[in-house]
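In: what follows is a predicted protein model with its sequence.
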Amino acid sequence: MDALDAKILRLLLEQPRTSVREYARILGIARGTVQARLDRLERDGVITGYGPSLSPAALGHPVLAFVHIEVTQGHLDDVGDALATVPEIIEVFSTTGAGDLLTRVVARDNGHLEDVVQRLIRLPGVVRTRTEMVLRERVRHRMLPLVDAVGQTAGTRRRP
């Protein structure tokens, strides 16, 4: 990734509904160059998708919690597959530490959260759970500062 890639990614993050032609105009480069860069960034897995960012709270699920799940050895994949069927689970990560999996769970209210956690506890292979409720989001999910940092580093790096 180089400084131009970072500029393209910044535009994509700041103005996601803008056309490739407009990105090219803003950057002062050919539309084909922007498209080729976007295609390569997709192929390389830098860009993983396009779409709206949705608010679980606006969808009626304002409660957010992180549920740590300890799994019986040898059942990590099975539990992961089962978690994928629970609509209130919006992310799952394998982790080190006290638990094996960290899930991000949304719910309508505290009672609904308890129902979801009870469902998780009953999954085959789940040994125990630990739930941490989110009180307030302090830093929203973001990529722009990282893109800027990578772009600055790319701008100072010399090519061989």
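Out: Everything's here; your move.
In: who are the packing partners of the helix or strand bottoming out on mean pLDDT in the chain?
Out: The weakest-scoring helix or strand in the chain, judged by mean pLDDT, DSSP states H and E, is helix 144-156 (a mean of 86). Contact here means 3 or more Cβ pairs under 8 Å, 6 or more residues apart in numbering; DSSP states H and E; on that basis helix 144-156 packs against helix 3-14. For the C-beta atoms, the positions are set from N, CA and C on the backbone; glycine is no exception.
In: angle of the helix it packs on against helix 144-156?
Out: Here helix 3-14 runs at an angle of 170 degrees relative to helix 144-156 (axes from the mean of the first three to the mean of the last three Cα atoms, to 10 degrees).
In: what residues sit buried inside helix 3-14?
Out: Judged by neighbour count using 16 or more other Cβ atoms under 10 Å, the buried positions of helix 3-14 are 4-9, 11-12.
In: name the helices or strands packed onto the helix or strand harbouring residue 117?
Out: Residue 117 belongs to helix 110-121 when assigned by DSSP states H and E. The contact analysis (3+ Cβ pairs under 8 Å, 6+ apart) places helix 110-121 against strand 63-71, strand 101-107, strand 126-133.
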